[in-house]
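Peer 1: show me the folded form of this:
(one chain, ligands or ions: 1)
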Amino acid sequence: QVAVTKPQVVVLATGGTIAGAGAAATNSASYQAAKVPVDKLIAGVPELADVAQVRGEQVFQIASESFTNEKLVQLGKRVSQLVRDPAVNGIVITHGTDTLEETAFFLNLVIRSDKPVVVVGSMRPGTAMSADGMLNLYNAVVVAADPASRGKGVLVAMSDEIHSGRDVAKRINIKTSAFGSQWGPLGMSVEGKTFWFRLPAKRHTVNSEFDIESIETLPEVAIVYGYGNMTTELYDAALRSGAKAVVNAGTGNGSVPNYAVEKLKSVRAQGVQVIRSSRVADGFVIRNAEQPDDKYDWVVAHDLNPQKAKILAAVALTRGVSSQDLQRIFWEY
Ligand SMILES: NC(=O)C[C@H](N)C(=O)O
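Peer 2: Numbers count the residues shown, from 1 in each chain. You can find the predicted model right below:
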């Protein structure tokens, strides 16, 4: 009998609700995130051994709202190291769901490998009734172990769906079906198998011009939320914070109130990039509509939500790009 070696999958644990614990089985929303260590998470799903040779590494133990740029860079460098190990077939990252879409997009931009990198979280702690973490983790390992997942960019496995790390966003915070993609999921995982329906059209991972190996820090990028009767002093605060770019999470098509235009022009005049994005959940900003972006030398975020636009701007600005180049990057990634 020939011994069949299973694919090697490394689970990098960072905390979140998937590692959370509550006082009672009825506590689906009140619990402490980032409590359960990675080995216990893996041991909790013995079926993982049918899919892959799985080993865990505890990178952080935090709720994802506490992720910082330093932690993003540290995690990215560890992923990059592991994917260059010929013995490793795929990576799973367990992560809190609050900023999961930011980390997944960041890795999608800077990991230069076609090996599957899959980010996963849960909406209920493992101690709750109908906890979703076990199946999500199982599905994530299935996706990471499957050669069919290669070359599709960083993926997110949540609630049986496989999403592109670029498109996916947390859309509701009280349901297990919390994540969705504006342009639909790429596929599904069902009973240990993956099913694919579409591919990402934007540049990612192996085709990216960015590489975590040459990134040591990320510049500050601030988001200013647009609303009726908004306080334009928020832009001043962004400048004081040392931001190299300001993402305007504008109303509608990234619109800017008439009383805020001069302020934003002065932000740009001080060498800070201005990126028009939309506060609409599935927003899509058209260049030179609402505001004359060519004239003001502003950039539009295309279909990226403000927090994704922040990630792309931070990665692009590690290179000190011009506003024209920044706009090209926003069309291409
Ligand atoms: N569902 C979760 O994971 C929420 C938690 N606050 C986190 O992002 O870590």
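
Peer 1: and the residue of the stretch 201-333 of the chain found nearest the ligand, how many neighbours?
Peer 2: Nearest residue of the stretch 201-333 of the chain to the ligand (CB to the nearest ligand atom) works out as residue 307 at 12.9 Å. Where C-beta positions appear, they are placed from N, C-alpha and C, glycine not excepted. The burial metric for residue 307, expressed as a neighbour count using other CB atoms under 10 Å, is 18.

Peer 1: the residue nearest to it when sequence neighbours are not counted in helix, strand or coil?
Peer 2: Residue nearest to residue 307 in three dimensions, not counting chain neighbours: residue 102, with 5.4 Å by CB to CB, 6 or more residues apart in numbering. Per DSSP: H, G, I helix; E, B strand; the rest coil, the local secondary structure of residue 102 is helix.

Peer 1: are we agreed that the residue of the stretch 201-333 of the chain closest to the ligand is in a helix?
Peer 2: Yes: assessed with three-state DSSP, residue 307 lies in a helix.

Peer 1: who are the contact partners of it?
Peer 2: Residue 307 makes contact with 99, 101-102, 223 under the criterion CB atoms under 8 Å, 6 or more residues apart in numbering.

Peer 1: look through the protein and tell me its longest strand.
Peer 2: Longest strand in the chain by number of residues (criterion: DSSP state E): strand 53-62.

Peer 1: show me what that strand pairs with in its sheet, parallel or antiparallel.
Peer 2: Next to strand 53-62 in the sheet, as set by DSSP bridges, lie strand 8-15 (parallel).

Peer 1: which bits of the stretch 101-250 of the chain sit near the ligand?
Peer 2: The stretch 101-250 of the chain comes close to the ligand at residues 121, 123, as judged by CB under 6 Å from any ligand atom.

Peer 1: any idea of the mean pLDDT for the helix or strand just after the longest strand of the chain?
Peer 2: Using DSSP states H and E, the helix or strand that follows strand 53-62 towards the C-terminus is helix 69-83. Computed over helix 69-83, the mean pLDDT rounds to 98.

Peer 1: related to what we said a few turns ago, nearest to residue 77, of the contacts of residue 307?
Peer 2: residue 102 (16.8 Å; CB to CB).

Peer 1: you'd agree that closest one is up against residue 314?
Peer 2: No: the pair formed by residue 102 and residue 314 falls short of the contact definition of CB atoms under 8 Å, at 9.9 Å.

Peer 1: settle it for me: which of those two has more neighbours?
Peer 2: Per other CB under 10 Å, whichever of residue 102 and residue 314 has more neighbours is residue 314, with 24 against 21.

Peer 1: what's near enough to touch residue 148?
Peer 2: With contact taken as CB under 8 Å, 6+ apart, residue 148 is in contact with 194, 196.

Peer 1: what does residue 133 give?
Peer 2: Residue 133 sits in contact with 17-18, 41, 121-122, 124-126, where contact means CB under 8 Å, 6+ apart.

Peer 1: ok, 10 Å please
Peer 2: When contacts are counted by CB atoms under 10 Å, 6 or more residues apart in numbering, residue 133 is found next to 16-20, 36, 41, 44-45, 94, 120-127, 176.

Peer 1: so how do I select the buried members of those in PyMOL?
Peer 2: Buried subset of the contacts of residue 133, written as a PyMOL selection, criterion 16 or more other CB atoms under 10 Å:
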select buried, resi 16+17+18+19+20+36+41+45+94+120+121+122+123+124+125+126+127+176
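
Peer 1: tell me the domain ranges of the protein?
Peer 2: Domain assignment for the chain, taken from automatic domain parsing, gives 8-207, 220-332.
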